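J.: 3D, please:
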Amino acid sequence: MKKNTICLEAARERNRLKIGVCRPDEVIWHYEELPAPMGQIDARCVSLAEALNNASRKGFGGSREFEGLRSEGRMLCDELLTRDLKEKLRNADAEYLILKLDDRLVHIPWELICIDHEFLCQRFNMGRLVSTRQKIGENTPRSLKKPLNIWILANPGGDLAVAASEGLRIFQDMARMNEDEDVVSPSLDAEITPDEIRVRMTNYDMVHFAGHADYKTRQDPNGLGQSGWRLAGGDFTVHDIDKMAGSAAMPAFVFSNACQSARTEEWEWKGTAGEGSFGLANAFLRAGVKHYLGTFWEIMDEPGGQFAHEFYDLLSTGMPVGKAVREARRNLMEKHGPDTCWASYILYGDPRVSYFGGNETLGKTETPLEPSITRTRATRGTFFNYSLNTAKLKEVWHWTAAILVIITLTVGILAGVYHMKGGEQHRQIEIRRILMAQAEKRQKKTEALFGELIRTAPLSYPSTDGGPLTLAMIFDSRASLSDRKKENLAAFAIQSQLIAHSRFKVLERKSFDVVLQELIWEGPAELNLLMPKLLLFLEVHEDEEGSLLLMRLVDKTTGVVIDNLFETLADDMPVFAQKTQLADDLLKILAAHYPLIGEISEINGEEIRLNVGDDAGVKMGQWFKVVGKSVFLKVVSVEMETCVVKIAKGRSSRLEKGCRVEAISL
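T.: Next up, the predicted model:
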């Protein structure tokens, strides 16, 4: 692993830097000393963060901001690195880059140094190690034993619904990974106090926070000591974290997914007794946390939540923490384009550590074994132990020619397979593009039909709170079933699955655009037909290579395309026999975006009754979360209009009649 890792070490003495690049196992290495205009660098860091904060507050962070970030990254590169250092980083074959910084350089976004067109955090799996003059808590090192205990603290301020959704999604993912192990504790929309966090935090190996954070500078009236997590009943500040130092083993990993949660000024310690920490990262690290992940500037809700989901999804596979951060950046950039959220994250700690996999390779050199040739005699005039005579040489050349022929054929076959795969991939991309274009065209036509119909009669849409969810399907119904038109067959297969899940009510049994056209022709004064909340457009592409089905799910009330799902139709079995495969992902997306909502209608001792039942789609064993409380319920019996649940997680003292509940899936 060491040969796969390089270190960038930097220390500051007044306005000069001592900086060098080396391998972790090198006994001696070269560093360079160069003047650094720290006043200009500090001002650049502040202006960079504030410019990106302003972009986030206005709800954008697109191409313009991305190019500005790249320009600042190049200027930082020129200020902090010599030509030789740039070349070393440009040509490095390492996967990991460890930043070894002193406490006067932590406020600089080294991860955003841009060489050529690429930031360091794109090129390497990165993590920070910091030397400081501050006192560090002498906590007992935390002993990590699997399964790891995880605390998810999401939306404790009660004013950021997206953070609660982020926490719920991570809880579901981690709970599935741990199966029956009760090791993931969610506190979602919970009214929690700073003291409760201090008491509970040391019980966990990992802590994830999703919510608002406050960042205070020395110029703020309250100073740096008031930076912290924002709660409904008072903030959890760096002073609270400082008090925890030395009392018990802290979590090994803390992910503070909040605005500016890793931003800091330089840790300018003056030797004053009782002097506190400089921001959240400094406080957690001093208290004993081994890995801290946070943000340098304010982030937008949706991409921030997506980054967290991607990160934990990768981390849970055993991927080292630094690599999971880098891959999550890459995935976020692919999905959100030039949005700058992906670049905001900063990791403190060794990036090579894996929390869900083995770390046996850490600290080992990756020295390839040298092939050895054992000879019985070492004599001049021999060639691989063959005497130099004509017969032996002819035999060698025959074998060499045969091997070359085999290698040539193998390379040719592999090249052919590669080009075939490349051609097939291009074909699939083009087919998907065509299906998307067809679905979009059909969607616009349907919207026009709705617009024409609404001029003759008012439309109303049902609520998604409780009761069935209405959905209409739109597909090519011009061909009869006798023609084996696959849109028809796929539609009936999917409809059967939706109907089997009584939460979803399918309107009509034919393409809904035909129904709309018929209504327009009739010109009704009022509509007796229940209007759909959701539209599902189906498109099928058929050729000699097989059939591909597109399901485009659209929220009719908002016009938002929720998802485009692609499923391959097997030609060697009936379409209806593939109904489970066709509808499985669709049902999961519907459940995630439109969960069943109800309320507690009765509490009688241990028996808790909800106002939703079989007619709304409630199933035995289903889970509900009490909105605004960290209480989870499990269904033990179902009636037509009600169901009985028991508490699976949380305290019954926090429940009362009228509490809203939301169905979740594990």
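J.: burial of residue 617, as a residue count?
T.: By other CB atoms under 10 Å, 21 other residues sit near residue 617. Any C-beta I mention is one placed from the backbone N, CA and C, and that applies to glycine too.
J.: just the one 3 residues further on next, same as before
T.: Around residue 620 sit 11 other residues, with neighbours defined as other CB under 10 Å.
J.: who's in contact with it?
T.: 635, 636, 637, 638 (CB atoms under 8 Å, 6 or more residues apart in numbering).
J.: Now restrict these to buried residues only.
T.: When the contacts of residue 620 are checked for burial by 16 or more other CB atoms under 10 Å, the buried set is 635, 638.
J.: Which of the contacts of residue 620 fall within strands?
T.: Those of those mapping onto strands are 635, 636, 637, 638, per DSSP state E.
J.: Now render these as JSON lines, adding pLDDT.
T.: Formatted as JSON lines, the ones in strands among the contacts of residue 620 follow (pLDDT from 0 to 100):
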{"residue": "635", "pLDDT": "92"}
{"residue": "636", "pLDDT": "92"}
{"residue": "637", "pLDDT": "92"}
{"residue": "638", "pLDDT": "89"}
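J.: Tell me which two in the contacts of residue 620 are the farthest apart.
T.: 636 and 638 (8.7 Å; CB to CB).
J.: Residue 658: which of the contacts of residue 620 is nearest?
T.: residue 635 (19.1 Å).
J.: my guess is that closest one contacts residue 624, does it?
T.: Yes: look at residue 635 against residue 624 with CB atoms under 8 Å: they come within range, at 7.4 Å.
J.: tell me, what's touching these two both at once?
T.: With CB under 8 Å, 6+ apart as the test, residue 635 and residue 624 both reach residue 645.
J.: Show me where the stretch 401-550 of the chain has its strands.
T.: 469-474, 504-506, 534-543, 546-555 (DSSP state E, counting those that start in this stretch).
J.: now the third one, how far from the chain's geometric center?
T.: The reference is to strand 534-543. 29 Å (CA atoms, centre = their mean, to the nearest Å).
J.: try the second one
T.: Taking CA atoms, centre = their mean, the mean C-alpha location of strand 504-506 is offset from the chain mean by 31 Å.
J.: What strands flank it, and is each parallel or antiparallel?
T.: strand 469-474 (parallel) (DSSP bridges).
J.: Could you pull up the mean pLDDT of the partner strand?
T.: The pLDDT scores in strand 469-474 average 83.
J.: Got the domain ranges for this protein?
T.: 2-131, 150-348, 431-583, 597-664 (automatic domain parsing).
J.: Please pull out the lowest mean pLDDT helix or strand from this structure.
T.: Between all helices and strands in the chain, the lowest mean by mean pLDDT, DSSP states H and E belongs to strand 382-383, at a mean of 32.
J.: picking up where we left off before, most packed of the domains of the chain?
T.: Stretch with highest mean neighbour count among the domains of the chain: domain 150-348 (a mean of 20; mean count of other CB atoms under 10 Å).
J.: Straight-line length of it, end to end?
T.: Separation of the first and last residues of domain 150-348 by CA to CA, to the nearest Å is 19 Å.
J.: and the residue positioned nearest the centre of the chain, what does it touch?
T.: Here the mean C-alpha position of the chain is nearest to the C-alpha of residue 310 (CA atoms, centre = their mean), at a distance of 2.0 Å. Taking CB under 8 Å, 6+ apart as the contact definition, residue 310 lies against 327, 328, 331, 332.
J.: Take the residues you listed and lay them out in a markdown table including secondary structure.
T.: What follows is those, written out as a markdown table (DSSP: H, G, I helix; E, B strand; the rest coil):
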| residue | secondary structure |
| --- | --- |
| 327 | helix |
| 328 | helix |
| 331 | helix |
| 332 | helix |
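J.: Out of those residues, which is nearest to residue 47?
T.: Using CB to CB as the measure, the one of the contacts of residue 310 that approaches residue 47 most closely is residue 332, at 24.3 Å.
J.: Please report how far that closest one lies from residue 44.
T.: 25 Å (CB to CB, to the nearest Å).
J.: okay if I get the ones in strands among the contacts of residue 620 as TSV plus distance to residue 74?
T.: Converted to TSV, those look like this (distance: CB to CB, whole Å):
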residue	distance to residue 74
635	58
636	62
637	65
638	62
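J.: for the residue lying closest to residue 100 once chain neighbours are set aside, what are its contacts?
T.: Counting by CB to CB, 6 or more residues apart in numbering, residue 100 lies nearest to residue 9, which is 4.3 Å off, once chain neighbours are set aside. Counting by CB under 8 Å, 6+ apart, residue 9 makes contact with 19, 20, 21, 22, 31, 100, 101.
J.: of all the residues you listed, which comes closest to residue 426?
T.: Nearest member of the contacts of residue 9 to residue 426, counting by CB to CB, is residue 21, at 40.4 Å.
J.: so the closest one makes contact with residue 87?
T.: No: Residue 21 is beyond contact range of residue 87, at 9.7 Å (criterion: CB under 8 Å).
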